[in-house]
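S.K.: Got a sequence here, can you build the structure:
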Amino acid sequence: MYLTRILRSNQQSLAHLIDHYAKYPPTGLTMKRIVEFAREGDAKQSYLFLRNELPVRLASMMKEMGHLPPRLLEMPSVKMVNGWYGTSLQDLHLFKDSLPTNEIVKKFTEALQNIRKRHSTVIETLAQGYMEFSDQGSVKEYEESQIQYFLNRFYLSRISIRLLIYQHTMCFGDEVPVHPSHLGFVDPNCLVEDIIKDAFENAQFLCEGYYLTAPSLELRKINAVNPQEPIAIAYVPSHLYHIMFELFKNSMRATVEHSESKKGNGPIPPVVVDVVKAKEDLTIRISDRGGGIPRSKADKIFRYMYSTAPRPVSLVDSQHSGPTPLAGFGYGLPISRLYARYFNGDLEIHSIDGHGTDAYIYLQAVEDQASEWLPICNRAAYEYYVSRKYQSDWTKKK
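M.R.: Model prediction:
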């Protein structure tokens with residue numbers, strides 16, 4: 001009885017924290033502000049901002065998670081993710097009224113590192129939760145709509161939380177940036193061509209290992225602002241790499257399989273990449289001749305759990321101690337689009353069935369226009385979850 005009272009008290013306390021922090025909107029930052037703070041800010045200023053901002057972003061997603069189908073919330077993997085977020089929220093709340101002394105800031109930095117480690121497999125674990133949910137019964141149309149809506153918001157929030165944590169631990173902690181020129185997780189002069197080539201070479205290596213062949217790269221560049229200079233913007237290199245690597249994997253697979261299906265002896269068509277930097281936008285177009293995507297499937301490519309690769313049996317492969325790759329979970333393209341949209345960019349796919357596909361990545365070239373695009377837990381979000389329970393007012397596509 002005593003233990004039950006303690007557990008109930010803890011649950012009520014956590015619910016109170018969620019309600020308290022979720023009522024505040026997140027404070028979106030621009031790339032310019034992030035770069036300036038990495039150069040001029042200090043650990044105490046970062047602590048004062050993050051001890052309030054991170055709980056808001058965590059609590060908002062926990063609040064929205066409560067609007068998901070009840071059966072999904074009972075899945076073991078979903079409960080696990082919910083538990084991680086609850087623990088992290090409580091860990092951060094401990095610093096709410098603490099003055100920014102050197103000792104407190106050090107403990108806060110250690111807490112952030114622990115949170116990042118705790119959340120390291122959130123994507124895979126939540127994907128496993130959806131698999132558990134779908135395996136136990138059919139998923140209603142409105143439930144699917146709610147889940148897709150939530151996952152976009154949840155994973156975008158996660159991207160933002162990880163960036164804020166990395167900025168603090170790399171700029172003001174003991175962690176060292178990947179490159180000496182980087183300001184934390186951000187490169188103020190990210191050379192786009194280098195990221196593209198690196199992603200292509202690694203995707204090409206995988207393709208050759210599986211198919212024993214791979215397309216070549218044809219890269220074309222236009223710097224409409226400074227024609228004689230390399231194309232560079234302030235950006236997160238790992239985000240751009242993730243986008244490019246995922247798109248190259250898809251293009252190479254489609255190109256090789258389409259070429260082999262025609263049973264011709266001609267060379268495999270190259271993957272053509274155009275990079276154009278203008279005053280406002282940096283645009284990357286990836287063009288392949290991999291047979292394209294029929295319109296019946298084009299509507300599904302940005303849906304989580306939609307994949308043409310074999311679906312994994314579970315999160316942890318029986319032959320390995322570590323997590324399985326994301327291939328088969330159908331998370332590659334939707335997560336890549338979130339990375340592009342995070343700083344006010346976008347990712348679009350346009351295809352000609354029977355011929356090939358063009359992928360367009362749009363990024364902000366101006367630092368103060370590259371602002372965080374974040375979900376807000378408000379009445380509009382709540383009404384979306386509720387409205388999905390009603391019948392559609394359109395005839396269904398066959």
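S.K.: use CA for all of it now, contacts and neighbours both
M.R.: Noted.
S.K.: so W373 sits in a strand?
M.R.: No. Remark: W373 does not belong to a strand; assigned using DSSP: H, G, I helix; E, B strand; the rest coil, it is coil.
S.K.: Phi and psi next, for the residue lying closest to it once chain neighbours are set aside.
M.R.: Leaving aside its chain neighbours, W373 sits nearest to Y342 (5.2 Å; criterion: CA to CA, 6 or more residues apart in numbering). Main-chain torsions, Y342, degrees, to the nearest 10: phi -50, psi -40.
S.K.: ok, how many other residues are close to Y342?
M.R.: The tally of other residues near Y342 (other CA atoms under 10 Å) stands at 21.
S.K.: pretty sure it is touching P375, no?
M.R.: No. Between Y342 and P375 there is no contact, the gap being 10.4 Å when judged by CA atoms under 8 Å.
S.K.: Find residues that contact each of the two.
M.R.: Common contacts of Y342 and P375, defined by CA atoms under 8 Å, 6 or more residues apart in numbering, comprise L156.
S.K.: quick one: the helices in this protein?
M.R.: For the chain, the helices defined by DSSP state H cover 2-22, 31-40, 43-65, 70-73, 76-93, 102-118, 122-135, 141-171, 192-211, 237-261, 295-298, 332-342, 379-387.
S.K.: So for D288, which of those helices sits nearest?
M.R.: helix 237-261 (6.0 Å; CA to CA).
S.K.: and the direction of the closest one versus that of helix 192-211, what angle?
M.R.: 40 degrees (axes from the mean of the first three to the mean of the last three CA atoms, to 10 degrees).
S.K.: list the helices and strands helix 237-261 packs on?
M.R.: For helix 237-261, the packing partners by 3 or more CA pairs under 8 Å, 6 or more residues apart in numbering; DSSP states H and E come out as helix 192-211, strand 281-288, helix 332-342.
S.K.: Of the ones you listed, flag the one that's most buried.
M.R.: helix 332-342 (a mean of 23; mean count of other CA atoms under 10 Å).
S.K.: neighbouring contacts of stretch 48-57?
M.R.: With contact meaning CA under 8 Å, 6+ apart, stretch 48-57 is reached by 21-22, 24-27, 89, 92-93, 95-96, 100, 157, 161, 164.
S.K.: any idea how far it is from the chain center?
M.R.: Here the centre of stretch 48-57 is set off from its chain's centre by 20 Å, with CA atoms, centre = their mean, to the nearest Å.
S.K.: quick revisit: buried ones among the contacts of stretch 48-57?
M.R.: Burial by neighbour count, 16 or more other CA atoms under 10 Å: within these this picks out 21-22, 24-26, 89, 92-93, 95, 100, 157, 161, 164.
S.K.: what two of these are the furthest from one another?
M.R.: Within the buried ones among the contacts of stretch 48-57, P100 and S157 form the most distant pair, 25.9 Å apart (CA to CA).
S.K.: that older thread, quick one: contacts for the residue nearest to W373?
M.R.: The contact partners of Y342, taken as CA under 8 Å, 6+ apart, are L156, I159, S160, S371, E372, W373, L374.
S.K.: tally of neighbours for the fifth one?
M.R.: Applying the criterion other CA under 10 Å, we find 20 residues in the vicinity of E372.
S.K.: show me what contacts it?
M.R.: Residues in contact with E372 (CA under 8 Å, 6+ apart) are G28, L29, T30, M31, S160, Y342, F343, N344.
S.K.: From L112, how far off is the second one?
M.R.: Think L29. 19 Å (CA to CA, to the nearest Å).
S.K.: Tell me which of the two has more neighbours.
M.R.: L112 (24 against 17).
S.K.: Confirm for me that that one is in contact with I165.
M.R.: Yes. L112 lies in contact with I165 (CA under 8 Å); the separation is 6.2 Å.
S.K.: ok so, going back, need the winner for burial among the helices of the chain.
M.R.: Among the helices of the chain, ranked by average contacts under mean count of other CA under 10 Å, first place goes to helix 332-342 (a mean of 23).
S.K.: Can you check what angle separates that helix from helix 122-135?
M.R.: Computed by the same axes, to 10 degrees, the angle separating helix 332-342 from helix 122-135 equals 130 degrees.
S.K.: Distance from the chain centre to helix 332-342, please.
M.R.: Relative to the centre of its chain, helix 332-342 is centred 5 Å away, using CA atoms, centre = their mean.
S.K.: the inter-axis angle of that helix versus helix 141-171?
M.R.: 60 degrees.
S.K.: Centre-most residue in this protein?
M.R.: Of all residues in the chain, the one closest to the mean position by CA atoms, centre = their mean is I335, 4.3 Å from it.
S.K.: For the closest residue to it other than its chain neighbours, which residues are in contact?
M.R.: Closest residue in space to I335, ignoring its immediate chain neighbours: Y155 at 7.5 Å, by CA to CA, 6+ apart. Counting by CA under 8 Å, 6+ apart, Y155 makes contact with I123, I335, L338.
S.K.: Of those residues, just say which sits nearest to M252.
M.R.: I335 (19.1 Å).
S.K.: Report pLDDT for the closest one.
M.R.: On pLDDT, I335 comes in at 96.
S.K.: before we move on, what about N265?
M.R.: For N265, pLDDT reads 73.
S.K.: F329 too?
M.R.: Looking at F329, its pLDDT is 61.
S.K.: related to what we said a few turns ago, any chance of the contacts of Y342 in a markdown table, plus pLDDT and distance to P230?
M.R.: Shown next, in a markdown table, are the contacts of Y342 (pLDDT from 0 to 100; distance: CA to CA, whole Å):
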| residue | pLDDT | distance to P230 |
| --- | --- | --- |
| L156 | 97 | 30 |
| I159 | 97 | 28 |
| S160 | 98 | 28 |
| S371 | 97 | 24 |
| E372 | 97 | 26 |
| W373 | 96 | 28 |
| L374 | 97 | 31 |
